[in-house]
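Engineer: My questions are about this predicted structure, shown below with the sequence.
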Amino acid sequence: MNEPQALPEREQIALLEVFEGLGLRDIHVVDTPQKAEQAVAALLASGVVGFDTESKPTFAKNEVSGGPHVLQFATLDEAWLFQLHLAEFHEVLAGLLASAELRKVGFGLSSDLSLIRQRFGVEPQAVFDLDTEFRRRGYRKSVGVKTAVALVFDRRFVKSRKATTSNWAHKQLSDAQLRYAANDAYAAIRVYEALGLSPPAR
């Protein structure tokens, strides 16, 4: 196996042009039955989606997260965010998570999946962890979204620390939170596609 291309260092990534993510008009918060229906139709039609979760951060030593608080799915054009305080959409969400027809692609998903199992009591199916794919390709270090975007697109993926540590359990997410959550999932599907991993058209 050929040695893989060297991973870019943080200093190198800082010099790159910014990766252009989804704008607010392409990000949908699922808060009505109609939007839930549209989300399911669009996601299942795509067959493979970027996937991630956000949880309210814990700061105290023995504090339990209670997350995830937001689940996000993205196609190459749009993203859908489910806020888990809206219990009426849990059944729809559980269906998407358990669907073997919908490949869910993300980075470092093991802790996300543990929280999902606790919260929903479902076993997520057809989950594809890009970090595992990079390891399969010979990278020994863990490859997260920032490194992957730099490696694959020669672009800098901007992650706001303020958004990372913000309150994801808040009922009204800010524009910055919406963009942050959606683009985590969007970057995953873009990297997946660029690596030539898309399943054949059905």
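Structural biologist: Noted; the coordinates are in hand.
Engineer: Show me the helices in this protein, by range?
Structural biologist: With DSSP state H as the criterion, the chain has helices at 10-14, 33-46, 90-98, 110-120, 130-136, 145-153, 161-164, 175-194.
Engineer: Mind giving me the packing neighbours of the first one?
Structural biologist: It refers to helix 10-14. Counting contacts by 3 or more C-beta pairs under 8 Å, 6 or more residues apart in numbering; DSSP states H and E, helix 10-14 packs against helix 145-153. C-beta here means a position set from N, CA and C on the backbone, and glycine is covered the same way.
Engineer: Swap in 6 Å and give it another go.
Structural biologist: For helix 10-14, not one helix or strand is in contact under the criterion 3 or more C-beta pairs under 6 Å, 6 or more residues apart in numbering; DSSP states H and E.
Engineer: re the thing from before, tabulate the helices of the chain (a markdown table), appending mean pLDDT.
Structural biologist: Below are the helices of the chain laid out as a markdown table (pLDDT from 0 to 100):
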| stretch | mean pLDDT |
| --- | --- |
| helix 10-14 | 91 |
| helix 33-46 | 95 |
| helix 90-98 | 94 |
| helix 110-120 | 90 |
| helix 130-136 | 93 |
| helix 145-153 | 95 |
| helix 161-164 | 82 |
| helix 175-194 | 96 |
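Engineer: Figure out which of those is closest to residue 21.
Structural biologist: Closest approach to residue 21 among the helices of the chain is made by helix 175-194 (3.6 Å; C-beta to C-beta).
Engineer: Okay, buried residues for the closest one please.
Structural biologist: Of the residues in helix 175-194, 177-192 count as buried by neighbour count, 16 or more other C-beta atoms under 10 Å.
Engineer: what's in contact with that helix?
Structural biologist: With contacts defined as C-beta atoms under 6 Å, 6 or more residues apart in numbering, helix 175-194 is touched by 21-22, 27, 50-52, 54, 70, 72-74, 79, 81, 105-106, 145, 148-149, 152, 157, 163, 166.
Engineer: cutoff 7 Å now
Structural biologist: 19, 21-22, 24, 27, 48-52, 54, 70, 72-76, 79, 81, 105-107, 130, 145, 148-149, 152-153, 157, 160, 163, 166 (C-beta atoms under 7 Å, 6 or more residues apart in numbering).
Engineer: now that helix: how far from the chain's centre is it?
Structural biologist: 6 Å (C-alpha atoms, centre = their mean, to the nearest Å).
Engineer: so it versus helix 145-153, what angle?
Structural biologist: Note on geometry: by axes from the mean of the first three to the mean of the last three C-alpha atoms, to 10 degrees, helix 175-194 and helix 145-153 are set 40 degrees apart in direction.
Engineer: picking up where we left off before, now intersect the contacts of helix 175-194 with the strands, please.
Structural biologist: 27, 48-52, 54, 70, 72-74, 79, 81, 105-106 (DSSP state E).
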